[in-house]
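K.L.:
When you get a sec, could you give me coordinates for this:
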Amino acid sequence: MTSTPVILARGVAKRFGTFDALTSLDLEVHSGQCVGLLGPNGAGKSTFIGCLYGVVLRTGGTLNIFGLDPAKNAREIKGRIGVVPQENALDEGLTVLENMRIYARFGGIPKARADARIDRLLDHMSLEAKRDATIKTLSGGMKRRLTFVRALLADPELLILDEPTTGLDPSVRHLLWEKVTELRNEGKTILVTTHYMHEAEVLCDRIFILDQGRVVGVGAPRELIEREAPGFVGIFPRDSEALLQPHLQPTWELFHQAHQCCIRAPRFDDLLDLQRLSGLTALQLRPTNLEDVYLKLTGSELKDHE
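P.N.:
Below is the predicted model:
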């Protein structure tokens with residue numbers, strides 16, 4: 001028997017004046033899954049998350065979280081979810097412990113249980129040594145890890161991560177990936193928005209790509225790659241196109257990214273032959289990835305720090 005989805009959206013729409021932020025959006029997130037929402041700015045990701053919180057009221061369709069409608073049961077739903085927002089929103093003048101105790105009190109968690117939970121989570125996020133440090137003395141990566149501690153205090157059933165690693169250095173990003181993977185393996189249900197395609201490939205069981213308020217692609221990362229952009233990509237300087245064109249096959253795809261000319265072909269050997277015939281050496285030869293799918297389906301350049 002198929003389990004009831006933790007999140008079930010059918011035909012969800014949201015209009016702001018004459019602008020359609022969401023247009024007939026269908027989406028499902030099942031228990032224990034890590035699901036990614038990808039898309040350019042303005043695609044509808046933040047609007048949809050607002051609908052989940054109940055702070056944005058949809059103008060059409062049905063939406064259920066734990067079988068409840070966030071337009072009617074927002075308070076009950078909020079008690080069962082944890083959120084890592086884009087902004088850390090920590091009180092810079094207070095200590096780590098003081099910040100977490102205030103948030104626990106706000107969430108109605110008894111002090112004894114809250115303190116035990118705070119200690120355990122600080123240890124889990126390698127922040128135990130910073131327990132009595134003020135927020136303003138923490139690095140950006142530490143503050144970001146602390147927002148994870150805050151989101152997990154009430155042991156939520158659903159964790160929403162909104163651009164969780166934007167602006168972090170690679171070492172901190174990888175640490176947070178490990179923590180999110182551990183949470184998923186423990187059975188947590190996770191919804192994550194990100195502009196980092198590799199992050200989505202690493203973390204997500206299933207991905208929804210949004211563009212202009214609707215879903216334009218859905219599937220497991222490898223499934224999306226094999227369906228939408230299979231093969232291999234050769235990346236050449238942008239001014240190489242004229243030399244490449246005579247040697248391209250009808251089934252190959254030529255596209256541009258920044259100041260580069262990219263060729264997607266079915267086989268790696270096709271690209272080796274292209275180099276030989278054109279007399280050009282590629283800047284890079286690689287298997288296709290989720291970034292290629294994203295660019296194909298949205299037509300948008302990636303902007304890592306939007």
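
K.L.:
Show me where this structure has its helices.
P.N.:
For the chain, applying DSSP state H gives helices covering 45-53, 70-78, 96-106, 111-124, 140-152, 170-185, 197-203, 221-228, 241-244, 268-278, 290-298.

K.L.:
Select, out of these, the one closest to Asp162.
P.N.:
Among the helices of the chain, the nearest to Asp162 by C-beta to C-beta is helix 45-53 (6.2 Å). C-beta here means a position set from N, CA and C on the backbone, and glycine is covered the same way.

K.L.:
got the contact list for the closest one?
P.N.:
By C-beta atoms under 8 Å, 6 or more residues apart in numbering, the residues outside helix 45-53 that reach it are 7, 9, 12, 14, 21-22, 25, 27, 37-39, 56-58, 63, 65, 70, 74, 77-78, 81, 83, 160, 162, 191, 193, 210, 213.

K.L.:
where does the stretch 1-150 of the chain dip in pLDDT?
P.N.:
Along the stretch 1-150 of the chain, the parts satisfying pLDDT under 70 run over 1-2.

K.L.:
hang on, the earlier thing: can you say which of the contacts of helix 45-53 are buried?
P.N.:
7, 9, 12, 14, 21-22, 25, 27, 37-39, 56, 58, 63, 65, 70, 74, 77-78, 81, 83, 160, 162, 191, 193, 210, 213 (16 or more other C-beta atoms under 10 Å).

K.L.:
Quick check: Leu57 touching Lys72?
P.N.:
No. Using C-beta atoms under 8 Å, Leu57 is not in contact with Lys72; the gap is 10.3 Å.

K.L.:
that older thread, output the helices of the chain in JSON lines, with distance to Ala258 appended to each entry.
P.N.:
What follows is the helices of the chain, written out as JSON lines (distance: least, C-beta to C-beta, whole Å):
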{"stretch": "helix 45-53", "distance to Ala258": "23"}
{"stretch": "helix 70-78", "distance to Ala258": "39"}
{"stretch": "helix 96-106", "distance to Ala258": "41"}
{"stretch": "helix 111-124", "distance to Ala258": "39"}
{"stretch": "helix 140-152", "distance to Ala258": "27"}
{"stretch": "helix 170-185", "distance to Ala258": "21"}
{"stretch": "helix 197-203", "distance to Ala258": "15"}
{"stretch": "helix 221-228", "distance to Ala258": "21"}
{"stretch": "helix 241-244", "distance to Ala258": "14"}
{"stretch": "helix 268-278", "distance to Ala258": "19"}
{"stretch": "helix 290-298", "distance to Ala258": "11"}
